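**Student:** For reference, the sequence and a predicted model appear below.
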Amino acid sequence: MPVEYLHSIIVEFEDGVSWNIDLTEEAKEEDLEGAITDLVDEYRQEIVNIDFRLDIERVKKDISKRTNLFLKKRR
């Protein structure tokens, strides 16, 4: 999944603590993949779940735009 479609990341730990990491446009331009890898490497033993939340509105908009473009070219 492309990084631009991510809205936030929720990391859940064994002790019940959750980190909700909101992703701004500036954060998406950084080395997000590297930061996530570092986070997982550092807390691997304590992480129970990582939930990637998508920006559904952006996904729908892009799919609609590309579908319309595709259908126009087919005429």
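**Tutor:** Nice, I can see it.
**Student:** Looking at the lengthiest helix in the chain now, give me its mean pLDDT.
**Tutor:** Longest helix of the chain, by residue count under DSSP state H: helix 56-73. Computed over helix 56-73, the mean pLDDT rounds to 90.
**Student:** Name the residues that touch that helix?
**Tutor:** Helix 56-73 is contacted by residues E4, Y5 when judged by C-beta atoms under 8 Å, 6 or more residues apart in numbering. Every C-beta, even on glycine, is put in place using the N, C-alpha and C of the backbone.
**Student:** now do 10 Å
**Tutor:** Applying C-beta atoms under 10 Å, 6 or more residues apart in numbering, the contact partners of helix 56-73 are M1, P2, E4, Y5, L6, H7, D55.
**Student:** Now list the buried members of the residues you listed.
**Tutor:** The neighbour-count test (16 or more other C-beta atoms under 10 Å) marks Y5, L6 as buried among the contacts of helix 56-73.
**Student:** Compile the contacts of helix 56-73 into JSON lines and extend it with columns for secondary structure.
**Tutor:** JSON lines is the format used below for these (DSSP: H, G, I helix; E, B strand; the rest coil):
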{"residue": "M1", "secondary structure": "coil"}
{"residue": "P2", "secondary structure": "coil"}
{"residue": "E4", "secondary structure": "helix"}
{"residue": "Y5", "secondary structure": "helix"}
{"residue": "L6", "secondary structure": "strand"}
{"residue": "H7", "secondary structure": "strand"}
{"residue": "D55", "secondary structure": "coil"}
